[in-house]
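Participant: Need a 3D model of the sequence below.
(chains A and B)
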There are 2 protein chains.
Amino acid sequence: MKLASRNDGSRDGRLLIVSRDLARCVDAADVAPTLQAALDRWDDVEPRLRARARALDDGLLAGEPFDAERVLAPLPRAYEWVDGSAYLNHVILVRKARKAEPPATLKTDPLIYQGGGGDMLAPRQAIPLADESWGCDFEGEICVVLGDVPIGATAVDAHRFVRLVGICNDVSLRGLIPAELEKGFGFFQSKPATAFSPVFVTPDELGDAWQDGRVHLRLHVWLNGILVGDCEAGPEMHFGFFELVQHIAKTRRFVAGSILGSGTVSNEDRKRGISCLAERRMIETIEQGKPSTPFLTRGDKVEIELLARDGRSVCGRIAQVVGG
Amino acid sequence: MKLASRNDGSRDGRLLIVSRDLARCVDAADVAPTLQAALDRWDDVEPRLRARARALDDGLLAGEPFDAERVLAPLPRAYEWVDGSAYLNHVILVRKARKAEPPATLKTDPLIYQGGGGDMLAPRQAIPLADESWGCDFEGEICVVLGDVPIGATAVDAHRFVRLVGICNDVSLRGLIPAELEKGFGFFQSKPATAFSPVFVTPDELGDAWQDGRVHLRLHVWLNGILVGDCEAGPEMHFGFFELVQHIAKTRRFVAGSILGSGTVSNEDRKRGISCLAERRMIETIEQGKPSTPFLTRGDKVEIELLARDGRSVCGRIAQVVGG
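Facilitator: Next up, the predicted model:
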């Protein structure tokens, strides 16, 4: 089942069910007015949403054309946005770029940061950038939406808490990161609003590509129309989403609608390309002594899409222009 | 005007107006079902809420007794929980305790961390603590609830965005902090759920104690019934809430209902006592070579209250027992 939030001028949008091929949609606000409301009482509403999704996919419901330009982020305000950094190749390259060491516990203790969930960008919304010298970068990631997670939840149980899967662009301001991390309290100004795919999908939509809390599909990333990343999101996700859930729930609970990110999808094989510019700049530095790719400037276009094995889009395309 | 959220078994509770003396309350769910809903359309609902609050205070509405045991946190789920560390005395003492240097920009660049807002504890809710070796500590703080804050908001304009003022207990797990900060991404497991006062109040409730984005009143903290802190919350708040708003809004916007904390209230004058145990332990280390006060253990009781100049409680008392 695929779900989206129509932009109806409200803060949270209006719940939509989208067809498997992303071509059509049908309103579901009578079942739950918003995606957050659906997640709040998921066990009650899921059967009714699924029945309608089946009717839409089977052609029993005509619906209307689905327009990714007219949706908000599936959760335009989320109660939690927590982002991992589970692809070790990314951690190693990016730390090298800022002349910092990877943590000693790189392979045993997940890297996670607490993001802000109040302002989630729509898939086609411009990336606000007041100052190009801040070093604006994209980060293509997989994310999951959780149901209610009790304190002390374990990785073994975590599959029960994953409601939806999507992708996101965790925009980063590279130029602001070193000074901010130097202060010791983590990211803040260096992590502006994150953008999300037009739809989020239930894990069953992924078939056997959803395995062990990992999405075994390719994430495509385009910069100004050129494919720059074609990374496998599955095998190199060192900590899967189930391990990340165990990590975040160690000392507190999470409410339904919390979003958990994978960190930048990254492969050791350089032929696969990149899901963020910082990696490319580090590779250039290693190979040529200095980076030649600039960070994003106004007018640049970033597109991110998760592809099923048959080449079809799983959750629609993020397509953002860097704005003023 | 004082507002609270009655625990009616729902996720967000039911909006209550509380009398100035905290003795009585009246339901306001017909005006806005929840505090978040009121904040979402504040300009529309504020006049109606204020009219009812006046009627309650003037005795024209009888209302019913207000019971702080029967409320949730005013915002049981908040879209953002952002916490500063604006009392420099606290920063200096706590960093000394973990043998870390204060940042070089201590006095010019606010220290802020992004917390998680999904799970806010009620004022009388137990502090969950699975493992006493984590070094559980309280932190008595002032907080404000913001309206919609545009990206790039300045300190000069920030007074327009402060909707409500309250207090909180930013529970910290001191034993987990050093290893977590060592990883470079800030706090996560070391910052479990935060608890909030029974009511939040509009800034006018503070009279001239609300000045320059600071609350010029005393914060009382009791541990197991003994007053351990009687700090002035105003003069030593190096960055006021208006400066903190400017800092957080530099690269993204904030939605109505975002909560911004002051950091642990702390005074240089040691006679004023402490608002967290880490400070006392550091003072003991300086004076006696080692700390003698243990961190919290199960059954310990922490109480925090903001006192008006006439000695009356501004927003009710946080009173939490450390639980299992």
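
Participant: Endpoint to endpoint, stretch A:11-24 covers what distance?
Facilitator: 23 Å (Cα to Cα, to the nearest Å).

Participant: Distance-wise, check the residue in chain A that chain B sits nearest to relative to residue A:123.
Facilitator: At 1.9 Å from chain B, residue A:186 is the closest residue in chain A, using Cβ to the nearest Cβ. Any C-beta I mention is one placed from the backbone N, CA and C, and that applies to glycine too. Relative to residue A:123, residue A:186 is positioned 27 Å away (criterion: Cβ to Cβ, to the nearest Å).

Participant: what does residue A:309 give?
Facilitator: Using Cβ to Cβ, one gets 22 Å for the distance from residue A:309 to residue A:123.

Participant: More neighbours: those two, which one.
Facilitator: More neighbours sit around residue A:123 than around the other of residue A:309 and residue A:123, counting by other Cβ atoms under 10 Å in any protein chain shown; the figures are 28 against 12.

Participant: Could you double-check that the more buried one sits in contact with residue A:321?
Facilitator: No - taking Cβ atoms under 8 Å as the definition, residue A:123 is not a contact partner of residue A:321, at 12.0 Å.

Participant: Count the residues that sit near residue A:40.
Facilitator: Using other Cβ under 10 Å as the criterion, the residues surrounding residue A:40 number 20.

Participant: Up against chain B, what does the stretch 101-250 of chain A have?
Facilitator: Residues of the stretch 101-250 of chain A found near chain B (Cβ under 8 Å from any Cβ of the partner chain) are A:103, A:105, A:109, A:111-119, A:128, A:130, A:134, A:151-152, A:173, A:176, A:179, A:181-193, A:247-248, A:250.

Participant: in what helix or strand does the residue of chain A closest to chain B lie?
Facilitator: In this assignment (DSSP states H and E), residue A:186 forms part of neither any helix nor any strand.

Participant: Excluding residues flanking it in the chain, which one is nearest it?
Facilitator: Distances taken as Cβ to Cβ, 6 or more residues apart in numbering or on different chains put residue B:186 closest to residue A:186, at 1.9 Å, once the chain neighbours are dropped.

Participant: How about the contacts made by that neighbour?
Facilitator: Contact criterion Cβ atoms under 8 Å, 6 or more residues apart in numbering or on different chains gives A:113-114, A:184-187, B:113-114, B:180 as the residues in contact with residue B:186.

Participant: In stretch A:309-323, which residues are buried?
Facilitator: Along stretch A:309-323, the positions that meet the burial threshold by neighbour count (16 or more other Cβ atoms under 10 Å in any protein chain shown) are A:313-320, A:322.

Participant: quick one: average confidence on it?
Facilitator: Confidence over stretch A:309-323 (mean pLDDT, whole number) is 97.

Participant: tell me how far the ends of it are from each other?
Facilitator: Note: stretch A:309-323 ends 33 Å apart using Cα to Cα.

Participant: residues in contact with the residue most central in space within chain A?
Facilitator: By Cα atoms, centre = their mean, the mean C-alpha position of chain A lies nearest to residue A:168, the distance being 2.7 Å. Counting by Cβ under 8 Å, 6+ apart, residue A:168 touches A:141, A:143, A:194-197, A:259, A:261, A:318.

Participant: A strand includes it, no?
Facilitator: Yes - with DSSP: H, G, I helix; E, B strand; the rest coil as the criterion, residue A:168 is part of a strand.

Participant: Could you check how far stretch A:177-184 is from the centre of its chain?
Facilitator: Chain-centre distance of stretch A:177-184: 24 Å, with Cα atoms, centre = their mean, to the nearest Å.

Participant: got a list of contacts for it?
Facilitator: Contacts made with stretch A:177-184 from outside it, assessed by Cβ under 8 Å, 6+ apart, are listed as A:98, A:100, A:186-190, B:100, B:103, B:105, B:109, B:111, B:181, B:184-186.
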